[in-house]
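K.L.:
Need the 3D shape of this:
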Amino acid sequence: MQIVAGVALGAIYALIALGLSLIFGMLTVVNFAHGAFYMVGAFLGVYFYTLTQNFWFSLLLTPLTVGVLGLLIERFLVRPLYGRGIDYPILLTFGLSYVLIEAMRILFGIGGVPTSTPAILRGAVNLGIGYFP
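P.N.:
Down below sits the predicted model:
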């Protein structure tokens with residue numbers, strides 16, 4: 001079961017790395033705010049689930065919201081810095097990371113966001129070699 005858990009966690013890390021690589025490859029900008037966008041998605045996912053109590057709607061709405069936020073930030077903040085050297089976009093995304101972190105801290109507090117596990121994610125799955133929670 002440790003192997004399955006390791007593969008699941010590795011898949012999450014691979015998706016994050018793939019997104020970072022894709023952004024750097026297409027935009028030639030090192031995005032230090034990539035992890036902060038991931039964090040914003042986590043907070044918004046819990047917030048939308050708490051608001052609607054519908055896991056599937058929250059799963060649909062969260063990436064769309066974070067994607068629109070990313071598009072707006074790229075269009076109005078990052079795009080004007082193209083062609084000005086590598087320093088300016090790095091400083092912008094580094095500062096943006098702090099802004100997003102502090103915005104989530106202000107909106108949701110420092111104590112965490114308590115929520116219940118959606119019913120579809122409760123229980124365990126029998127994989128034949130054991131149960132995976």
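
K.L.:
what number of residues lie near the residue nearest to Gly123 when sequence neighbours are not counted?
P.N.:
Leaving aside its chain neighbours, Gly123 sits nearest to Pro133 (8.0 Å; criterion: CB to CB, 6 or more residues apart in numbering). Heads up, the C-betas are built off the backbone N, CA and C, glycines and all. Residues lying near Pro133 (other CB atoms under 10 Å) number 9.

K.L.:
And Ala103, by the same measure?
P.N.:
For Ala103, the tally of surrounding residues (other CB under 10 Å) stands at 13.

K.L.:
Could you list every helix and strand in contact with the host helix or strand of it?
P.N.:
Assessed by DSSP states H and E, Ala103 sits inside helix 87-108. Here helix 87-108 touches helix 34-52, going by 3 or more CB pairs under 8 Å, 6 or more residues apart in numbering; DSSP states H and E.

K.L.:
Following the helix it packs on in sequence, what is the next regular element?
P.N.:
Sequence-wise, the next helix or strand downstream of helix 34-52 (DSSP H and E) is helix 55-73.

K.L.:
what mean pLDDT would you report for that next one?
P.N.:
Helix 55-73 carries an average pLDDT of 95.

K.L.:
now stretch 83-101
P.N.:
Here the average pLDDT along stretch 83-101 is 91.

K.L.:
For it, what is the distance to the chain centroid?
P.N.:
Its chain's average C-alpha position is 18 Å from that of stretch 83-101, according to CA atoms, centre = their mean, to the nearest Å.

K.L.:
list the contacts for Phe43?
P.N.:
104, 107-108, 113 (CB atoms under 8 Å, 6 or more residues apart in numbering).

K.L.:
now those in JSON lines, with neighbour count?
P.N.:
Formatted as JSON lines, the contacts of Phe43 follow (neighbours: other CB atoms under 10 Å):
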{"residue": "Met104", "neighbour count": "19"}
{"residue": "Leu107", "neighbour count": "12"}
{"residue": "Phe108", "neighbour count": "14"}
{"residue": "Val113", "neighbour count": "15"}
